[in-house]
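> Need a 3D model of the following:
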Amino acid sequence: MKKNQGESQLIAFGEFFRQKRIALGFTLRSFCKQYQLDPGNVSRLERNILPPTLDEEKLSGYATALKITRGSSDWVTFFDLANTAKGRIPSDILNHEEAMKYLPLVFRTARGKKLTKKKLQDLIKLINS
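Next up is the predicted model:
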């Protein structure tokens, strides 16, 4: 899923995975052969037909194969997209009490409801901290 040109791009897990693989110069088959993965499953992952696992060890293995540096913004994005694909909230958010208080604001915004200026400023402060 992508937004219109000029807006920030939204991307699904599979497309992110595919872009990383291609950026490394791998075809689907060569990538799977190199890392002993099933090409059918990886193809379904990349086409968002098969949802990604949330098993941290397996996701870390994929991320490492894709040369995504642990702790980088791409690493976080990779795990966030996997959680999103499964309709889950990432565990680091669930375990962050302050962040959890703001999830209803995110949901309200996603539904097209306006935030007050104060609540928006508080959310920005949390995001930047």
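> Apart from its chain neighbours, what residue comes closest to N83?
P90 (4.7 Å; CB to CB, 6 or more residues apart in numbering). (C-beta placed from N, C-alpha, C; glycine too.)
> confidence score at the one you found?
Confidence at P90, expressed as pLDDT, is 87.
> what's the spacing between it and L24?
According to CB to CB, to the nearest Å, P90 stands 25 Å off from L24.
> Please name the residues that touch the residue nearest the centre of the chain.
Nearest residue to the geometric centre of the chain (CA atoms, centre = their mean): L81, 1.9 Å. Residues near L81 by CB atoms under 8 Å, 6 or more residues apart in numbering: 11-13, 16, 52.
> swap the cut-off to 7 Å and go again
Neighbouring residues of L81 by CB atoms under 7 Å, 6 or more residues apart in numbering: 12-13, 16.
> What about the residues you listed, which one has the most neighbours?
Within the contacts of L81, F13 tops the neighbour count with 23 neighbours, counted by other CB atoms under 10 Å.
> Just give the closest residue to that one, not the sequence neighbours.
Using CB to CB, 6+ apart, the closest residue to F13 is L81 (4.0 Å).
> For the one you found, give me the pLDDT.
L81 is given a pLDDT of 96.
> Number the residues from 75 up from this point.
Yep, numbering from 75; the last one is L155 now.
> next one: the strand or helix carrying it to chain centre, how far?
Take DSSP states H and E as the rule and L155 turns out to sit in helix 147-159. Relative to its parent chain, helix 147-159 has a centroid offset of 2 Å by CA atoms, centre = their mean, to the nearest Å.
> Before I go, just wanted to say thanks for your time.
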